[in-house]
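Undergrad: Coordinates only, no sequence provided:
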């Protein structure tokens, strides 16, 4: 079977001007940003060519070069309850370079007249200020260091021309990623004494957007590769799989929607001057739903998200949590929230993604604080009642974290005769190992009053402690499923 670059895929790779450079060659960028730009190129006259840059000196780009940077994105899942498969051959990536091993080719990109966009996904640890970076490094070690030097060399080459500024589109999963990246760049510009005029150019000619991205990308389908190759009719070592759902929210002080007219290609991209309501929607509904049901579902005998959605009790619990207790506390239009929630349910039911509950359970205490606690507090403040499902999710968390033995860095819990590993910060695991033997009332009080977990004493919320203690006692005496049924 032929490789993708030398067979007829029904597409032609055109030569496009390099308008975007991309720090990061990973699965997410290729199945999300590059996928959208490829569609944008098809339906509009944007004509954006992308050069992918490997920001670290490790790894290889051989697979890209062997396939002329052509690859397939294969999206599978449910859309409006119907099984959907989308295959697309991506032809918008022009070339790939390593920032270190191909430094001269990488540095030359700063002088390209057509260059406009800088895309990045250098992991959550990528946008950090490294004061050990220097301008004379080729390249500096950190991503902000590389970007600062790149921008400075572009500024010098074009003599400060404000029309040659770049638009930064970081998708790293940190709050206000663009603002943080801009802070790091300005700090390095000051540290390297690059001058006030360059700093002014950064502020006036360049745009640092903050973004929110959402798509599950499952990467190379190792277990299914051969069967998918048969389906495609060619081999593709860069094949990347994911779900059909996508959302890209781009916050910017300047309107750049005309330069990236995603709406003309019917792509799920929102330009805004405030991405926070959309982040709140994602965190409270998508992430909050995950965190609220996974621990109870695991204790009830399920191992995967899809399996949980087929469990009538768990599905009812999740549905009631989202629609009755979370959505009423959110600020976006109700129709938008309901539509998003329905898409979340489709995503949870996706038969092509096998998402293990124990994987999601990692660091559940901090996740519950960030994802579920705001909805619980909002519900109490608005209704002056305790939300049964959200309260039960906390009781289930306490039950899930119950264990006395820490082994190999994990607290050992028990589901019937089966052991499972509870992974969280050391202090959290030690707290539960020392307190799990308490009766339901005492353990609930200890957990809810632990300010290091919640940032406040939750026993100060009238009625909450008594409800959760009763639920925990029900879980212990009647079993998780019988206790759960009382909430639905």
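TA: That came through, no problem. Since the model is a prediction, treat every value here as computed from it, not as a measurement.

Undergrad: from here on, contacts and neighbour counts on C-alpha atoms
TA: OK.

Undergrad: what is residue 71 paired to in the beta sheet?
TA: residue 90 (DSSP bridges).

Undergrad: For it, give its distance to residue 240.
TA: 8 Å (C-alpha to C-alpha, to the nearest Å).

Undergrad: who's more crowded, these two?
TA: For the pair residue 71 and residue 240, the greater number of neighbours falls to residue 71 (25 against 21), based on other C-alpha atoms under 10 Å.

Undergrad: Do I have it right that that one meets residue 241?
TA: No: if you go by C-alpha atoms under 8 Å, residue 71 and residue 241 don't touch, sitting 11.1 Å apart.

Undergrad: what ranges do the helices span in the stretch 301-450 of the chain?
TA: Ranges of helices within the stretch 301-450 of the chain are 305-309, 312-320, 334-348, 357-360, 364-371, 373-383, 388-400, 426-435, 440-448, based on DSSP state H, counting those that start in this stretch.

Undergrad: Pull out the buried residues from the fourth one.
TA: Of all the residues in helix 357-360, those buried under the rule 16 or more other C-alpha atoms under 10 Å are 357-358, 360.

Undergrad: domains of the protein?
TA: Domain segmentation of the chain under automatic domain parsing yields 4-272, 276-485.

Undergrad: May I see the ones you listed organised as TSV, with mean pLDDT added?
TA: Formatted as TSV, the domains of the chain follow (pLDDT from 0 to 100):
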stretch	mean pLDDT
domain 4-272	95
domain 276-485	97
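
Undergrad: what residues are up against residue 188?
TA: Counting by C-alpha atoms under 8 Å, 6 or more residues apart in numbering, residue 188 touches 129, 131, 145, 148.

Undergrad: helix or strand for the closest residue in space to the last one that isn't next to it in sequence, which one?
TA: Read it as residue 148. Among residues not flanking residue 148 along the chain, residue 185 sits closest, at 5.4 Å (C-alpha to C-alpha, 6 or more residues apart in numbering). Using DSSP states H and E, residue 185 sits in helix 177-191.

Undergrad: got it, and residue 97?
TA: Applying DSSP H and E, one finds residue 97 within strand 93-98.

Undergrad: from the chain's centre, how far out does that strand sit?
TA: 24 Å (C-alpha atoms, centre = their mean, to the nearest Å).

Undergrad: Kindly check the end-to-end length of stretch 99-106 for me.
TA: 6 Å.

Undergrad: For that stretch, buried residues please.
TA: In stretch 99-106, counting by 16+ other C-alpha under 10 Å, buried: 99-100, 106.

Undergrad: And the contacts of that stretch?
TA: 53-57, 97-98, 138-139.

Undergrad: what's the answer for stretch 21-31, then?
TA: Stretch 21-31 is contacted from outside by 50-55, 73, 115, 117-122, 217-220, 240-242, using C-alpha under 8 Å, 6+ apart.

Undergrad: coming back round to it: any chance of the contacts of stretch 99-106 in JSON lines, plus neighbour count, distance to residue 260 and secondary structure?
TA: Formatted as JSON lines, the contacts of stretch 99-106 follow (neighbours: other C-alpha atoms under 10 Å; distance: C-alpha to C-alpha, whole Å; DSSP: H, G, I helix; E, B strand; the rest coil):
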{"residue": "53", "neighbour count": "22", "distance to residue 260": "21", "secondary structure": "strand"}
{"residue": "54", "neighbour count": "23", "distance to residue 260": "24", "secondary structure": "strand"}
{"residue": "55", "neighbour count": "23", "distance to residue 260": "25", "secondary structure": "coil"}
{"residue": "56", "neighbour count": "17", "distance to residue 260": "28", "secondary structure": "coil"}
{"residue": "57", "neighbour count": "12", "distance to residue 260": "31", "secondary structure": "coil"}
{"residue": "97", "neighbour count": "22", "distance to residue 260": "25", "secondary structure": "strand"}
{"residue": "98", "neighbour count": "23", "distance to residue 260": "27", "secondary structure": "strand"}
{"residue": "138", "neighbour count": "15", "distance to residue 260": "32", "secondary structure": "coil"}
{"residue": "139", "neighbour count": "24", "distance to residue 260": "29", "secondary structure": "coil"}
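
Undergrad: would JSON lines of these with distance to residue 483 be doable?
TA: Converted to JSON lines, these look like this (distance: C-alpha to C-alpha, whole Å):
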{"residue": "53", "distance to residue 483": "53"}
{"residue": "54", "distance to residue 483": "51"}
{"residue": "55", "distance to residue 483": "51"}
{"residue": "56", "distance to residue 483": "50"}
{"residue": "57", "distance to residue 483": "53"}
{"residue": "97", "distance to residue 483": "57"}
{"residue": "98", "distance to residue 483": "56"}
{"residue": "138", "distance to residue 483": "61"}
{"residue": "139", "distance to residue 483": "58"}
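
Undergrad: just the strands in the stretch 1-150 of the chain please.
TA: Ranges of strands in the stretch 1-150 of the chain, per DSSP state E, counting those that start in this stretch, are 18-23, 49-54, 71-79, 82-90, 93-98, 117-120.

Undergrad: In TSV, list these along with distance to residue 435.
TA: Shown next, in TSV, are the strands of the stretch 1-150 of the chain (distance: least, C-alpha to C-alpha, whole Å):
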stretch	distance to residue 435
strand 18-23	46
strand 49-54	47
strand 71-79	42
strand 82-90	46
strand 93-98	51
strand 117-120	44
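
Undergrad: List just the one of those strands that sits closest to residue 283.
TA: With C-alpha to C-alpha as the criterion, residue 283 lies closest to strand 71-79 of the strands of the stretch 1-150 of the chain, at 21.0 Å.

Undergrad: ok, now which ones touch residue 392?
TA: 468, 471, 484, 487.

Undergrad: Phi and psi next, for the third one.
TA: The phi/psi pair for residue 484 (degrees, to the nearest 10) reads phi -60, psi -40.

Undergrad: For it, give its distance to residue 475.
TA: Residue 484 is 8 Å from residue 475, by C-alpha to C-alpha.

Undergrad: Over to the last one?
TA: Separation of residue 487 from residue 475 (C-alpha to C-alpha) stands at 12 Å.

Undergrad: Have a look at the two and say which one is more surrounded.
TA: Legend: neighbour count by other C-alpha under 10 Å for residue 487 and residue 475, higher for residue 475 (22 against 18).

Undergrad: Look up how far residue 371 lies from that one.
TA: For residue 475, the distance to residue 371 - C-alpha to C-alpha - is 23 Å.

Undergrad: cool, residue 483 as well?
TA: With C-alpha to C-alpha as the criterion, residue 483 and residue 371 are 23 Å apart.
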